[in-house]
Each structure stands twice: as structure tokens, then as C-alpha cells.
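A.B. asks: missing the sequence, but the structure's below:
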């Protein structure tokens with residue numbers, strides 16, 4: 001997750017970010033057109049809160065953004081399970097850092113969706129997942145990109161804490177490892193789910209990853 005920005009009065013990217021954060025800053029009573037009226041510590045604290053809320057929104061996709069993230073993680077997971085690593089890698093390579101028009105899945109959306117679902121499935125919180133799924137989930141054998149991240153995600157999800165540990169996961173693993181790690185963890189959970197229920201992989205993935 002990006003670190004909160006330090007206050008710098010610059011044109012270009014900083015101004016774009018301020019405009020994006022303006023509605024969130026307004027909730028704290030700060031008008032971005034009158035920043036000179038706000039002392040620096042107050043403004044910095046408000047910026048920190050605004051960036052945190054913005055980041056949480058990015059990692060909690062809704063509507064079309066969630067549909068794209070779910071489709072991406074389903075196809076990637078099915079590719080991993082079937083051994084089609086070329087397909088899985090190609091799908092994840094198409095994920096973009098940002099998509100203002102919701103035309104493609106985003107890194108944040110895919111990661112946030114996966115962590116939230118894994119928390120529900122493995123911690124059995126209001127979940128349609130079979131009972132005891134957490135004990136059956138195992139990463140597939142072999143060496144995989146993001147496997148360390150996947151192991152951390154599964155360990156946290158079994159406690160229902162994967163999404164809450166988002167910041168720590170990104171700091172420790174980096175999004176370039178966490179994204180494939182999430183796909184690997186989702187694949188492992190779907191495989192275990194299918195094994196327990198004796199249902200086809202595609203059926204499980206289609207019903208669970210939404």
C-alpha cells in the first residue's frame with residue numbers, strides 16, 4: 001500500500017492527488033482551495049486519514065470493479081489448478097495498477113477481493129464454504145511465484161485476519177508477490193473445496209469467487 005504523502009505544494013501529480021482526496025478531506029472540514037488556512041500538523045493528519053480511506057476503498061472493489069477482479073481471480077486460480085501456468089500468468093499480467101473507467105481489473109481490487117473471500121471461507125464467518133475447509137487447504141507442490149505470500153495469506157485467513165493485515169502483507173511481500181500469492185491461495189482453497197464436496201473445480205470457482 002502506498003505510504004501517505006508528505007505535504008508538498010507542487011503542481012502536477014500532487015495537485016491531482018489533492019483533487020482526488022478533496023471529498024475525503026472535506027469530511028474533516030478542510031477545503032483544498034484554502035490550504036494556507038490550515039496548520040501543517042492538522043493538514044498532515046487529515047491527509048493521512050484521507051489516504052487510508054482511499055486505499056481501503058481501492059482494496060474493496062464494488063460493482064463492475066468487483067466483477068472484473070472476481071473473473072480474474074477465478075481464471076487465474078483455475079489455471080493454477082489445471083497446471084496451465086501460462087494462462088494464469090497471462091491473466092495476472094493483464095491486471096493494471098489503476099482503472100478509472102473500470103475497464104480492467106486492478107491489483108488492489110484483486111488482492112482485496114481475494115483476502116476478503118479467504119477470510120470468509122477459512123474462518124467460516126457467514127460462509128458457504130464447507131465446514132473444516134481451513135484444515136484441508138494445502139498449497140500445490142512445486143515452486144510458485146508468490147508462494148511465500150500465499151503461505152502468509154492462508155495462515156492469516158485461518159484466523160480471519162488476512163484483509164486486516166493488508167498493509168503488513170504489502171510491506172513484507174510487495175504487491176508484485178502478493179497478487180500471484182493471492183491467486184495461489186485462492187486456487188488452493190478452491191481445490192480443497194472441490195475435494196471435500198466432490199464438485200467440479202469450475203463449479204466451485206464460479207459459485208465461490210464472486
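C.D. replies: Received, thanks. The model shown is predicted, which means the values in this text are computed figures rather than measured ones.
A.B. asks: low pLDDT regions in the protein?
C.D. replies: The chain contains residues with pLDDT under 70 at 1-17, 20, 24, 51, 126.
A.B. asks: walk me through the domains of the protein.
C.D. replies: Listed by automatic domain parsing, the domain ranges of the chain are 13-58, 63-208.
A.B. asks: in JSON lines, list those domains along with mean neighbour count.
C.D. replies: In short, each C-beta sits where N, CA and C put it, glycine included. Listed next are the domains of the chain as JSON lines, based on neighbours: other Cβ atoms under 10 Å:
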{"stretch": "domain 13-58", "mean neighbour count": "14"}
{"stretch": "domain 63-208", "mean neighbour count": "19"}
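A.B. asks: ok, longest helix in the chain?
C.D. replies: helix 175-197 (DSSP state H).
A.B. asks: got phi/psi on residue 84?
C.D. replies: Here is the backbone geometry of residue 84 (degrees, to the nearest 10): phi -90, psi 80.
A.B. asks: what's the separation between it and residue 91?
C.D. replies: 10 Å (Cβ to Cβ, to the nearest Å).
A.B. asks: contacts only, for the spatially most distant residue from the centre of the chain.
C.D. replies: The centre of the chain is farthest from one residue, residue 37, which by Cα atoms, centre = their mean lies 36.7 Å away. By Cβ atoms under 8 Å, 6 or more residues apart in numbering, the residues touching residue 37 are residue 31.
A.B. asks: could you do residue 101 as well?
C.D. replies: By Cβ under 8 Å, 6+ apart, the contact list for residue 101 is empty.
A.B. asks: quick revisit: go ahead and measure how far the next helix or strand after the longest helix of the chain is from the middle of the chain.
C.D. replies: Using DSSP states H and E, the next helix or strand after helix 175-197 towards the C-terminus is helix 201-208. Using Cα atoms, centre = their mean, to the nearest Å, the distance from the centre of helix 201-208 to the centre of the chain it belongs to is 20 Å.
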